[in-house]
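Q: Only the shape, not the letters, is given here:
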């Protein structure tokens, strides 16, 4: 273990020259920068990213840069964790940035409470305006019975489309060795839900306290180009199934959390159906795509396991049509409510 530095900060980046300097400046301006081991992994960028990375490494002895061929986010995160030498690890996306006290706040909470996870509140950044994440879990220390409550609400906060806290890998300080256990089993080919595939199993298997910080320190730049927001992804079905399989495998011995995860899977189904409608031309083709999804036995099991009580009227209609196998009406409903 590295005794000089306390926190490994890993920044995966691919063609990120537009925002990378803002991200790196926010890191070198940290109040505890001298206690950080900063690892930038350039995942085969073809823009000015390699030059920017190398320039920061030349200026600061505690920044190292790894240049590699493009392997994708999961493989890059795994490599970062394998290189990290500190007790704790945090990830920052190359288009995000953090406040100057961000890592200090995380570190103090981690060491003071002897916990294995500290979570910061986040802000969505949309360019001209920002919006704070609103979650059901309040700031505080969660241990014992309160930790069980935290785990349940983290996955599903008793309201559809609602997590108890942020499920992104960013905005968190992890225990490195515990983190690697869950990151290393995520398939490198996973292209959707890469964060959820790690954070939910990590939280579900914790015995140590968790701290939810008071205050917003992490700024998450919202992009419409991500795999999740891309509404015309021809591989969306395969990617969604791969994520389901990954989570089911990781939570095979944790039925309470796995049951609550049903609502997350249902939200992914909505995205899948909207995506497949956008890929098809003509009402008949769209209907046949929705019919295939509705009649899939695994998808039926998800819907049959849900309670519609906490949903708003729109989603109650959506899943009722799904449950009743009214796929033609459901297709039209999806087209009208994009």
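A: Received it, and whenever you're ready, just let me know what you need. This is a predicted model, so every value here is computed, not measured. Numbers count the residues shown, from 1 in each chain.
Q: Give the partner strands of the lowest-mean-pLDDT helix or strand in the chain in its sheet and their orientations.
A: When each helix and strand of the chain is scored by mean pLDDT, DSSP states H and E, strand 130-132 comes last, with a mean of 84. Strand 130-132 has the following sheet partners, assigned by DSSP bridges: strand 117-125 (antiparallel).
Q: Just the buried residues of the partner strand, please?
A: By 16 or more other Cβ atoms under 10 Å, the buried positions in strand 117-125 come out as 117-123, 125. Just so you know, the C-beta spots here come from the backbone N, C-alpha and C atoms, and that holds for glycine as well.
Q: quick one: average pLDDT of that strand?
A: This predicted structure assigns strand 117-125 an average pLDDT of 92.
Q: Now tell me what touches that strand from outside.
A: By Cβ atoms under 8 Å, 6 or more residues apart in numbering, the list of residues contacting strand 117-125 from outside reads 96, 102, 105-106, 109-110, 130-133, 135, 139, 165-166, 168, 170-175, 202-203, 206, 208, 210-222.
Q: Next: stretch 102-112.
A: Taking Cβ under 8 Å, 6+ apart as the criterion, the residues outside stretch 102-112 that touch it are 6-7, 9, 26, 30-32, 35-36, 88, 90, 115, 118, 120, 172-173, 211, 213, 215, 217-218.
Q: Mind giving me the PyMOL select for these, buried ones only?
A: For the buried members of those, the matching PyMOL selection, counting by 16+ other Cβ under 10 Å, is:
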select buried, resi 6+7+9+26+30+32+35+36+88+90+115+118+120+172+173+211+213+217+218
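Q: Give me the subset of the contacts of stretch 102-112 lying in strands.
A: When DSSP state E is applied, the contacts of stretch 102-112 are split such that 7, 9, 36, 88, 90, 118, 120, 172-173, 211, 213, 215, 217-218 fall in strands.
Q: In JSON lines, list the residues you listed along with distance to residue 242.
A: Written out in JSON lines, the entries for the ones in strands among the contacts of stretch 102-112 read as follows (distance: Cβ to Cβ, whole Å):
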{"residue": "7", "distance to residue 242": "31"}
{"residue": "9", "distance to residue 242": "28"}
{"residue": "36", "distance to residue 242": "34"}
{"residue": "88", "distance to residue 242": "29"}
{"residue": "90", "distance to residue 242": "26"}
{"residue": "118", "distance to residue 242": "29"}
{"residue": "120", "distance to residue 242": "29"}
{"residue": "172", "distance to residue 242": "23"}
{"residue": "173", "distance to residue 242": "28"}
{"residue": "211", "distance to residue 242": "32"}
{"residue": "213", "distance to residue 242": "32"}
{"residue": "215", "distance to residue 242": "36"}
{"residue": "217", "distance to residue 242": "32"}
{"residue": "218", "distance to residue 242": "27"}
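Q: Could you point out which of the residues you listed is nearest to residue 180?
A: When the ones in strands among the contacts of stretch 102-112 are compared for distance to residue 180 (Cβ to Cβ), residue 88 wins out at 12.2 Å.
Q: now the helices for the protein?
A: With DSSP state H as the definition, the chain shows helices at residue ranges 20-28, 49-59, 73-83, 102-113, 145-155, 176-183, 196-204, 236-250, 255-260, 262-279, 283-294, 297-304, 313-323, 327-336.
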